[in-house]
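In: using only what follows, build the 3D model:
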Amino acid sequence: MPQQAPLYIVASPRPRVGKTLIARLLIDFFRDDGRAAIGYDLNPREPTFTSYFPDSVATVDIAETRGQMALFDRLVGKTGATTIIDLGYGQFETFFAVMIEIGFEREARRRGIEPVVLFVTDNSPATVRAYADVRGRLETTAFVPVHNESVSVMYEKADFPPSRAEYGLISIPRLSAIVRGVVDRPSFSFGAYMTERPGGPTEIHTWIAGIFTEFRELELRLLMGKLSAKLGGIARARDVRSAG
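Out: You can find the predicted model right below:
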């Protein structure tokens, strides 16, 4: 059984909700932990994610079939690295439609790849509908809601249930405007800041450390959810045999 490599898909049907920020944090989180991470920026008109990591993030245009096939072929390739996708809002429907059409879930797992959708929440009815729709069509993919406090202070948790209760949610605290201007600079690296300024105490250090802790706990929750699902399947199989 091959070791599973996570595939994180940072998604929302709306623009400017912090998808690229979350994707950046993920790349630096894995690198800071000594693990390889690569990414794909699916916003060819404004490839901000690529601009932060030109050495490890590729820009892909999935408006045409050729780009779609190129991306999904790469996603099932043997890289040994965690993959992060910054899914631009303009490509939201296309990406998930192709993912469903080609049966990507099954093929990814056959190759030891575990897709996880980090879905950025907000209180828009359209976002709520989009979440329910895509989660319903990708029944075996892990969905984890992400609450970015800079986008919406409040949202209805019942509108964005994780695919398993164990997965919980991720919260991205609001940053002050001045600090947000610092972390948005093209040269800023979350991982480098943590290394160069160990222990802080600064607003940025505390903010990064808290989010990295959330990512670490998410990995544990995802593992526990998988184990729970596996044990549940074994128990159901045993019950079927007993009933027979």
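In: helices of this protein, start to end?
Out: Counting by DSSP state H, one finds helices in the chain at the ranges 19-32, 48-52, 65-75, 92-101, 104-110, 125-137, 177-183, 190-196, 203-243.
In: what's the second one packed up against?
Out: For helix 48-52, the helices and strands in contact under the criterion 3 or more Cβ pairs under 8 Å, 6 or more residues apart in numbering; DSSP states H and E are helix 19-32, strand 37-41, strand 57-59. To be clear about C-beta, it is placed using only N, CA and C from the backbone, and glycine gets the same treatment.
In: to residue 116, which of the helices of the chain lies closest?
Out: Ranking the helices of the chain by proximity to residue 116 (Cβ to Cβ) places helix 203-243 first, at 6.6 Å.
In: could you list the low-pLDDT ranges of the protein?
Out: Applying pLDDT under 70 to the chain picks out residues 1-4, 198-200, 228-244.
In: who touches stretch 18-31?
Out: Residues from elsewhere that reach stretch 18-31 (Cβ atoms under 8 Å, 6 or more residues apart in numbering): 8, 10-12, 36-37, 39, 48-49, 52-53, 56-57, 82, 84-89, 118, 120, 146, 148, 150-151, 172, 183, 189-192, 208, 211-212, 215-216.
In: name only those of the residues you listed that count as buried.
Out: Among the contacts of stretch 18-31, those scoring as buried are 8, 10-12, 37, 39, 48-49, 52-53, 57, 82, 84-89, 118, 120, 146, 148, 151, 172, 183, 189-191, 208, 211-212, 215 (criterion: 16 or more other Cβ atoms under 10 Å).
In: distance check, the closest residue to residue 79 other than its chain neighbours against residue 77.
Out: Taking Cβ to Cβ, 6 or more residues apart in numbering, and ignoring the residues beside it in sequence, residue 79 has residue 38 as its nearest neighbour in space, at 6.3 Å. Counting by Cβ to Cβ, to the nearest Å, the separation of residue 38 from residue 77 is 10 Å.
In: neighbour-wise, which of the two wins?
Out: Between residue 38 and residue 77, residue 38 has the larger neighbour count (other Cβ atoms under 10 Å), namely 18 against 11.
In: quick check: bridge partners of that one?
Out: Per DSSP bridges, the residues bridged to residue 38 are residue 83.
In: ok, now which ones touch the spatially closest residue to residue 116 that is not a sequence neighbour?
Out: Sequence neighbours aside, residue 142 is the residue nearest to residue 116 in space, at 4.5 Å (criterion: Cβ to Cβ, 6+ apart). Applying Cβ under 8 Å, 6+ apart to residue 142 gives the contacts 114-117, 162-164, 167, 222, 225.
In: ok, residue 142 to residue 197 distance?
Out: 33 Å.
In: what does residue 144 give?
Out: Taken as Cβ to Cβ, the span from residue 144 to residue 197 is 29 Å.
In: same thing with residue 109?
Out: For residue 109, the distance to residue 197 equals 40 Å [Cβ to Cβ].
In: what do you get for residue 56?
Out: Separation of residue 56 from residue 197 (Cβ to Cβ) stands at 23 Å.
In: ok, now residue 115?
Out: For residue 115 relative to residue 197 (Cβ to Cβ), the value is 34 Å.
In: give me the more crowded residue out of the two.
Out: residue 115 (21 against 13).
In: the more buried one contacts residue 7, correct?
Out: Yes: because the distance of 4.7 Å satisfies Cβ atoms under 8 Å, residue 115 is recorded as touching residue 7.
In: overlap in contacts of those two?
Out: Counting by Cβ under 8 Å, 6+ apart, the residues touching both residue 115 and residue 7 are residue 108.
In: burial count for residue 223?
Out: When neighbours are defined as other Cβ under 10 Å, residue 223 has 12 of them.
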